[in-house]
Structure formats: C-alpha cells, structure tokens
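A.B. asks: quick one: sequence and predicted model below, then my questions.
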Amino acid sequence: MKQLDHQLPNELLRTDSLAIGYRTGSTQNTLLENLNLIVRKGELICFMGPNGIGKSTLIRTLAGLQSSISGRVFTHQQDLKPGIEKSISLVLTDRITAVNMTVQELVTYGRYPYLDWNLKLTAEDNNIIQQAIAQTHIENLAQKKLYELSDGQMQMAMIARALAQDTPVLLLDEPTAHLDLNNRVEIMNLLRNLAHHSGKGILVATHELDLALQTADTIWLTGKNKNILTGIPEDLVLNGSFDDIFQFKGFDLKTGKVFHEAWRGISIALIGEGYEYLWTKNALERNGFLTDMKANFVVQVSHEGNPLTWEFQGQVYHSLQQLLVALSS
Amino acid sequence: MKKVLSLNPWLFLSALLVLLFMTNISLGSVQIPLKDTVSILFGGIPENPVWKDILIDFRLTKALTCVFAGGALALGGLLMQTLFRNPLAGPDVLGLSSGASLAVALLVMAGTFATPLLSGPFSIAIAASLGSALIFIVVLGVANRIKDNTSLLLIGLMIGAATSSLVSILQFTSRSEDQHYFLVWTFGSMGGLNWQEIYMLGIIFLFGLILSLLLSKSLNAWLLGDNYAQALGIRIQRARILIIISTSVLAGSVTAFCGPIAFVGLAVPHLARLVINTTNHKILVPGTVLTGAAVMLLCDTAAQLPGSSLVLPINAITSLIGAPVVIWVIVRSKKVRV
C-alpha cells in the first residue's frame, strides 16, 4: 500500500487497474479485473452482485488481507507510520468464537493498532471507545458477554469495534445478513449517518437491494465481464444495469414491486389517494385484478372518518378482506 | 460464568500458592517441625543437620519443580487453547508430550552408545523442545487444512498415539535398565531433579513466561480469528512462530525433566478462568501460571499420601484431579470457551 501523491483530498482509497482472485500453485483464478475504483470522503457505497462473484475477495484485497493478482491499492494515510490498520477497519463475516468476552473488551480491540505489547489504554483511547459505543447505541450492552447478544446486537458491537479503530475507511462484508428487517434498516441508517456526519468512506457488500437503493450514495455493481459498474443508484436502475446483472425473475425494479399477473382478466378503476390508495392497489394487484382508470367497476377509498372504508357498487366495506371477497364473487 | 470469588483473585492465588508450598515441603517420611522448616529456608541451622539436607536437596527441589513444571504446563495449555481457538487443546492432548518423549527416548538410546555429554540437562531440554515443536508443527499443518475442532483433536490424539508407539518400540528394543528408566519416567515425577536441572527448568519457565507476556497483544487479537488479527496490525506469521516456540519449549522441557504429565495443561487454564474471569492474556497468563503452580503442588502433596511412606505416581493424581475438572467444565458451561 503506497500513499498516492497526487490524490484529491476527498479520495480515501483508490485502486489502479486492480485484478483480484486466487492463485493456487501455477493456476490463477481471476475473479474481477480492470478495477479503477474510488472511495470518497463521506460516501456510503453499497457493493452488490451475485454470490461467489468476488465481493468478499475484493474487500479482503482492499484491506490487505490477501494479495492482488495485479494492479495496486492506494490508501490515504493520516499517520506517517505505515500500516493499513490505521487506514482501513473491517467488519467481516467471520464468526467470533471467543464469546466469553464483554462487548467493552471487544470494542477495545479497535485500539490495538495504537497500543504496544503492554496494552495500556490512554484517556484518549477510552474516549474513543466510549464514543464508538455511543455511536452504535449499545451503551446498555457494554458489560454483556458476547454469547448473551442477539445477532443484531453482535453486529452492532462489531461495527463499534471497527469505529474504535478510528480509520478513514470502513469496509463491511454483508453486515445485515441473517438480521430481521428492523435491524437491517437500523444498521444501514447508522452507516449512512456515519458516512455523512463523520466523513468516513464506507463500503458495504450487501444483498439488500431495496435498502441499498434507498440509502447508498454510490453503488458498485459487479458486471458481466469481471468488472465493476459504478454510479448512483437511480442511474443504474434506469439504465437497466441491475436488470442485466441480476436477471430478475418476476420483480420489476423500476416500480420496486413483484410483478403480478392480472389472471382474473377484470379491470377495476380505483379512486383514492395517499398510502391508503397504494395499499388498496397492492391488494387488488396481488389478487389478480388489473387497475385501470377507464374500467367499468369502480372502487372508492373513503378517507372520511376513522376507520377507513371502501365503497364498491353502493356497498360499504370495512376491511380490504371483505372487499376482496365481494370482488371475487 | 459468574465470579466465584469476591475477594481479590491475586491475593487468593498468591496466598494459596504459599500455603501449598509450605504444606508441600513440610510433609514427608521424616518429620521436621514447622519452625525448623522456616528457619532452614531462611538460612538457619536446625537441631538435626540431616534435616537441612532433606529439606534443601529433596523437598525444596521437588516443590520448586512443581512450581515451574505446573506453571509451564498450564501456560503451554493456555497458549495452545488460544492458538487453536479450541478449549480442549493442551500439550498432552495434541501429542506434544509424546513428541518430547520420543526425542528423549532417542537421546537416551543414543546416549547408551555415544558420549555421556548427550544426556546433560541442557541437551535433554533442547531435544525434548525440538520433539514437541516437531509434533506441534505437524498438528498445526493439519489444523490449517481442517477447520473442524473435533477432527483436529482426534488427529492430535492419533499423532500422539503414533508417536507413543514409536517410543514403545524404542523401549522394547532397548536394554532392560533403560526400559525400567523409561517406565518410571512415564509415571511422571517431580522429584529427582538436581539443582542444576532446576535452574535449567526455571530459566526455561521464565523465558516462556516473559515471551507469553510480550505476546499478550497478539494472543488477545488471536481470539478474534486470523483475519481480524491481521487487520489489527498483528503480524500473524511471526506471532504464530513465537507461540509455537514458547509452547514447545515449555511443554518439552517439563516433559524431559518430569515425564509426560497429563491433564495439567488442559485443565488448569479453565480453573484459572474461573478465578480470573477475563479473556485478556496480560492478566490470564500470570493467573494461569499461579494456578498451575498451585495445582501441581497440590497434586504432588496428595501423591506423597501424607501419613504414609508410599509415594504414588504424579500422573495418577493429575489425571484423577484433571479429568473431573474437564468434564465438569464441559457440563457446566455446555459450550466450553477459550
């Protein structure tokens, strides 16, 4: 890792014709090549692509855990002392087997690059540790043992550990895998806020398409020719890059919905507004109806009064379920 | 695990060690009053001059051997458990003791034909350490291919068994005096070391202890796994080699001087974690050493069967104490943790 001389001030990490993969003996298996990537200050990047394409390998290569096949990685060094551990911190998919330590002890590991063999923490180290714990909102977990944590809490502790390392770049390999929706949203929001408020460059390998599209500043998308497409999420959606890579089966990315076949052959004109309208539309389409303003059957969503009601052919329905039963017959 | 002791663990361990040390040197087939024991230790002249010889050249050497050997084996066990991230690793379990046995057997065999120079304490310690290191590297090489803990332990057991059988073959083909020597040696004994050998053992023990303390940071980071350790700036290849050297020298030299001692390396780190509940090696290393020394003194005291002139093999006692401890740890915590 060398410092880049003519680096723009907001570039934290840059690759120069990087090729990554594995060498086993004389054979070499290149996963991705010709990579000219940039991680900028304050940027949340979501790194997406099918399984086995080399996402983890790229993260390991960027972090210096694995050597590249060719090309170079440049990091922005704040400290004069060389050492990638002060530039890049990691959250990997590796399971921690030593679960008999407390969250506080785990977060303390983040300060190791700055400590000698005696492991003496300075007041500043302690400050940074407390700050990392506060940023991830795990103050109440600090004294818990790792085996007492849920998957989501564990992931937060791992992120706190990476934050305590106090590096300009943070790389995370599928931090939201195996978590429920609530935890996934919390982690992505946290990472976005960290990028925007503390100026870190954060790269997240993820499969969460919907979350990535809504939170990322930039998307890295593994392409077909062992390369990586980069751009803002909306551009990549509209120019069809996502459809090209993921080959969606029954999912319409542009509307963000699962594709429904209007198998009933019945069109319904739906009148209403707001999210009540959207969810009613969802219920109708999910049940095989086509919504069309010119149709003969009219369903009116009534916003007057609470609770909501639906009107169809003069009849008033108090739930969508009742309405659907009536429509089906 | 809950803290079992509310008082300061260091105070507790130190007091326990002193108590066990004094008990150990006070007991034996010859009765020496406690006040004479203390006065001899501080350079006084006892009523009966023979007491001084007994105390200094037999009991004190044995007690010091217990302290060094117990501390060294326990520390070796802790290092191995951390290195393999496996709570059931230990010098005897993974064949290090067998490796040392093989080296010593070869040396003694060679010694019967060659010069007596070969059988000095220094060369025995070196040979045993090399034997341990060789087995360690073989096990580690296999461990890098197999990530599964249970398989690793089984492979360690197999390597240990194969090495032991080589030792048996050597024994079988050796002279009857050597055979007897081997047999007694495999029972294990804390006695029989002269002062020169004790200095040797003490220096090796201190070397291992200091090296381990200097490695605290690497050992701690090791618990997170290779990738995280490397990402935290630990040079893992160098650390791995230093851990291997330290463990091999500790386990090898104890095996050379005292015979293959069972269970101490495996069980003591778990006992130490009960007293000092931490994963920080800067604390865990001295804690494990103190606990190991105390346990070894206890085992040796028990082996002398206070009140009788019979002395049991130390291995019988360490196994009797160690095996239930390991079972208890596994049952109690369901999942044993490093």
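C.D. replies: All right, it came through fine. Residues are numbered from 1 along each chain as shown, chains lettered A, B, ... in the order given.
A.B. asks: show the average pLDDT along stretch A:219-237.
C.D. replies: Throughout stretch A:219-237, pLDDT has a mean value of 90.
A.B. asks: from the chain's centroid, how far away is it?
C.D. replies: Counting by CA atoms, centre = their mean, to the nearest Å, stretch A:219-237 is centred 15 Å from the centre of its parent chain.
A.B. asks: got the CA positions of stretch B:279-295 in PDB?
C.D. replies: The C-alpha coordinates for stretch B:279-295 follow below in PDB (Å, rounded to 0.1, in the frame of the first residue of the first chain):
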ATOM      1  CA  THR B 279     -10.000 -13.100  28.000                       C
ATOM      2  CA  ASN B 280      -7.100 -10.600  28.400                       C
ATOM      3  CA  HIS B 281      -3.900 -12.600  28.200                       C
ATOM      4  CA  LYS B 282      -2.000  -9.900  30.100                       C
ATOM      5  CA  ILE B 283      -4.000 -11.000  33.100                       C
ATOM      6  CA  LEU B 284      -4.700 -14.600  32.100                       C
ATOM      7  CA  VAL B 285      -1.100 -15.600  31.600                       C
ATOM      8  CA  PRO B 286       0.100 -14.800  35.100                       C
ATOM      9  CA  GLY B 287      -3.200 -16.100  36.500                       C
ATOM     10  CA  THR B 288      -2.800 -19.400  34.700                       C
ATOM     11  CA  VAL B 289       0.900 -19.700  35.800                       C
ATOM     12  CA  LEU B 290      -0.100 -19.200  39.500                       C
ATOM     13  CA  THR B 291      -3.000 -21.600  39.300                       C
ATOM     14  CA  GLY B 292      -0.800 -24.200  37.500                       C
ATOM     15  CA  ALA B 293       1.900 -24.000  40.200                       C
ATOM     16  CA  ALA B 294      -0.700 -24.300  43.000                       C
ATOM     17  CA  VAL B 295      -2.400 -27.300  41.300                       C
END
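A.B. asks: just the buried positions in it, please.
C.D. replies: Buried residues in stretch B:279-295, counted by 16 or more other CB atoms under 10 Å in any protein chain shown: B:279-295. C-beta here means a position set from N, CA and C on the backbone, and glycine is covered the same way.
A.B. asks: and for stretch A:257-265?
C.D. replies: By 16+ other CB under 10 Å, the buried positions in stretch A:257-265 come out as A:260, A:262.
A.B. asks: low pLDDT regions in the stretch 1-150 of chain B?
C.D. replies: The stretch 1-150 of chain B contains residues with pLDDT under 70 at B:1-7, B:110-121, B:147-150.
A.B. asks: give the contact list for residue 54.
C.D. replies: As the question left the chain open, I've gone with chain A. Counting by CB atoms under 8 Å, 6 or more residues apart in numbering or on different chains, residue A:54 touches A:20-21, A:31-32, A:222.
A.B. asks: please go with chain B instead
C.D. replies: Residue B:54 makes contact with B:28, B:30, B:32 under the criterion CB under 8 Å, 6+ apart.
A.B. asks: so what's residue A:105 closest to, chain neighbours aside?
C.D. replies: Distance criterion CB to CB, 6 or more residues apart in numbering or on different chains; nearest residue to residue A:105, sequence neighbours excluded, is residue B:279 at 6.3 Å.
A.B. asks: next: residue A:279.
C.D. replies: Leaving aside its chain neighbours, residue A:279 sits nearest to residue A:320 (7.6 Å; criterion: CB to CB, 6+ apart).
A.B. asks: could you do residue A:228 as well?
C.D. replies: In space, residue A:228 is closest to residue A:220, 5.1 Å off (CB to CB, 6+ apart).
A.B. asks: so which other helices or strands are in contact with the one helix or strand the one you found maps to?
C.D. replies: For residue A:220, the host element (DSSP states H and E) is strand A:218-222. Applying 3 or more CB pairs under 8 Å, 6 or more residues apart in numbering or on different chains; DSSP states H and E, we find strand A:218-222 packed against strand A:44-48, strand A:228-231, helix A:233-238, helix A:241-246.
A.B. asks: mind listing what's buried along the longest strand anywhere in chain A?
C.D. replies: Using DSSP state E, we find that the single longest strand of chain A is strand A:11-24. Buried residues in strand A:11-24, counted by 16+ other CB under 10 Å: A:11-15, A:18-21.
A.B. asks: near whichever residue of the stretch 1-150 of chain B sits closest to chain A, how many other residues are there?
C.D. replies: Residue nearest to chain A within the stretch 1-150 of chain B (CB to the nearest CB): residue B:85, separated by 5.1 Å. Using other CB atoms under 10 Å in any protein chain shown, residue B:85 has 19 other residues around it.
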